[in-house]
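Visitor: compute the structure for the input listed below.
(one chain, ligands or ions: 1)
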Amino acid sequence: MSVPTPQADSVLVRAARRQPVPHTPVWFMRQAGRSLPEYRAIRADVPMLQSCRTPELVTEITLQPVRRHGVDAAIFFSDIVVPLQAVGLDLDIVPGTGPVVARPVRERSDLDRLPELTPEHVPDITESVGLLVAELGDTPLIGFAGAPFTLASYLVEGGPSKNHERTKALMHGDPQLWHDLCARLAQISLAFLRVQADAGASAVQLFDSWAGHLSRADYLRFVEPHSRAVLEGMGRSHPDLPRIHFGVGTGELLAQMAEAGADVVGVDYRVSLPDAVERTGGRYAVQGNLDPALLFAPWDALERRVREIVEEGRRAPGHIFNLGHGVLPATDPDVLSRVVELVHEVSRR
Ligand code: 1CP
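Guide: Alright, predicted model coming up:
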């Protein structure tokens, strides 16, 4: 039997596997990014997608929050649209807006612009992950990808969307095209996760950020089979890597998202951790769920809430402390460091 590396037997991986841990692991979605002055400095003259494809920059930006906050995991600095650009789709990440697709995907012929992803499309990702794993020591790296529905929403709408109206019109109006599009996106996401896992990532997170906009019936019919293909595909090729499945406003979908093939279900601040555990039958680890806006509250109030979440997490089968969604750009980074310290201190067994 092979001996696990320190990263593969880290506190984060153990919590995800529902094994005993010395303290609650903590990391933050969007921990690398605009809340850090050192990030703003290094990104000043480099467009977002270019920085995602430059291994020295990816490595430095991914390491910044690990050095500064002492979090229990690094999250690979990239974006959910990177693999789509890598297969040749014309898109950009526009400052202040997000991903914008030059020609939206709405007809069958548009699928031709979305070939399958192979490792040869992303040699830089293999290189970045390799550099990072060497630098990170005992700290595990979380690889990630966008889930088919959230990716499809950007492709069909052409950019960020409040109501996802064209996306929903397509899924109901032409279910066959919808399923073919999502099957292709599932292949791309799975291949992107496998590249990161093969290069040394210790866990993966599938971001279905906008799944909370769907009814349970639509989620099960139009989305779940494709997310399942990604998560179960990872389970087959990399059974030792925990799989985290995250969405925003997905309180009504937690059981379905867990059962789609996850080890850990992401919980946003709208649902308490005990409710999330109950909704998922007590069979899954949970990740969350501090409201990112509370990082702006007076320390006393924030401390109370952090202690509560740690206590609630102790009664879960496994708990990874995180925010309910990403760090807001105006967040004081010193507050994040204090939260990490507090979580470690109050959860130490
Ligand atoms: O110039 C900048 O700083 C651009 C802002 C930015 C950053 C820092 C974008 C544009 N993407 C990222 C990095 C990023 N994206 C990470 C980095 C790792 C970390 O967490 O530290 C991750 C995990 C993502 C994933 C991502 N991109 C998601 C899923 C996570 C989530 O927040 O729900 C989504 C939905 C995107 C799309 C996207 N990319 C960027 C923006 C502003 C958006 C959202 C736009 C929208 O509202 O639709």
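Visitor: hey, let's count contacts and neighbours off CA atoms from now on
Guide: Noted.
Visitor: show me where pLDDT drops low in this structure?
Guide: 1-3 (pLDDT under 70).
Visitor: closest residue of it to the ligand?
Guide: The ligand sits closest to Arg30 of the chain, with a gap of 2.9 Å, by Cα to the nearest ligand atom.
Visitor: can you count the residues close to the residue lying closest to that residue once chain neighbours are set aside?
Guide: Take Arg30 and drop its neighbours on the chain: the residue closest to it by Cα to Cα, 6 or more residues apart in numbering is Gly326, 4.9 Å away. Neighbour count of Gly326, defined by other Cα atoms under 10 Å: 16.
Visitor: helix, strand or coil for the residue of the chain closest to the ligand?
Guide: coil (DSSP: H, G, I helix; E, B strand; the rest coil).
Visitor: in which helix or strand does the residue nearest to Arg30 reside?
Guide: For Gly326, there is no enclosing helix or strand under DSSP states H and E.
Visitor: list the contacts of it.
Guide: Counting by Cα atoms under 8 Å, 6 or more residues apart in numbering, Gly326 touches 28-31, 292.
Visitor: Thr59 and Ala74: what is the separation?
Guide: Note on Thr59: its distance to Ala74, by Cα to Cα, to the nearest Å, is 10 Å.
Visitor: between the two, which is the more surrounded one?
Guide: Each of Thr59 and Ala74 has its neighbours counted (other Cα under 10 Å); Ala74 has more, 28 against 22.
Visitor: phi and psi next, for the more buried one.
Guide: phi -100, psi 150 (degrees, to the nearest 10).
Visitor: pretty sure it contacts Gly137?
Guide: No: Ala74 is not in contact with Gly137 according to Cα atoms under 8 Å; the separation is 11.1 Å.
Visitor: what residues does this structure have near the ligand?
Guide: For the chain, the residues in contact with the ligand (Cα under 6 Å from any ligand atom) are 29-34, 48, 75-80, 93, 95, 97-99, 160, 207, 209, 326.
Visitor: if we use 5 Å, what do you get?
Guide: Neighbours of the ligand within the chain, by Cα under 5 Å from any ligand atom: 29-33, 77, 79-80, 98, 160, 209.
Visitor: now do the contacts for the nearest residue to Ala211 once chain neighbours are set aside.
Guide: Among residues not flanking Ala211 along the chain, Gly247 sits closest, at 6.1 Å (Cα to Cα, 6+ apart). Neighbour list for Gly247: 207-212, 266-268 [criterion: Cα under 8 Å, 6+ apart].
Visitor: still on that earlier bit, the residue of the chain closest to the ligand touches Pro329, doesn't it?
Guide: No: Arg30 is beyond contact range of Pro329, at 9.1 Å (criterion: Cα under 8 Å).
Visitor: the two: which has the busier surroundings?
Guide: Arg30 (18 against 13).
Visitor: okay, helices next: where are they in the stretch 51-200 of the chain?
Guide: 55-69, 82-86, 123-136, 148-157, 165-173, 175-198 (DSSP state H, counting those that start in this stretch).
Visitor: quick one, the next helix or strand after the longest one and helix 148-157 angle?
Guide: Spelled out, it's helix 175-198. Beyond helix 175-198 in the direction of the C-terminus, DSSP H and E gives the next helix or strand as strand 203-207. Between strand 203-207 and helix 148-157, the angle comes out at 40 degrees (axes from the mean of the first three to the mean of the last three Cα atoms, to 10 degrees).
Visitor: what's the next secondary structure element after strand 203-207?
Guide: helix 216-218.
Visitor: helices and strands around that following helix, which ones?
Guide: Helices and strands touching helix 216-218, as assessed by 3 or more Cα pairs under 8 Å, 6 or more residues apart in numbering; DSSP states H and E, are absent.
Visitor: contact partners of the next helix or strand after it?
Guide: Using DSSP H and E, the helix or strand that follows helix 216-218 in sequence is helix 224-237. Applying Cα under 8 Å, 6+ apart, the contact partners of helix 224-237 are 147-148, 182-183, 186-187, 189-190, 193-194, 206, 241, 243, 256-257, 260-262.
Visitor: what about 7 Å?
Guide: Residues from elsewhere that reach helix 224-237 (Cα atoms under 7 Å, 6 or more residues apart in numbering): 147-148, 182-183, 186, 189-190, 243, 260-262.
Visitor: how far out from the middle of the chain is stretch 322-334?
Guide: Relative to its chain's centre, stretch 322-334 lies at 15 Å (Cα atoms, centre = their mean, to the nearest Å).
Visitor: pull out the buried positions in that stretch.
Guide: Using 16 or more other Cα atoms under 10 Å as the test for burial, stretch 322-334 gives 322-328, 331, 333.
Visitor: of the residues you listed, just say which sits nearest to His172.
Guide: His325 (28.7 Å; Cα to Cα).
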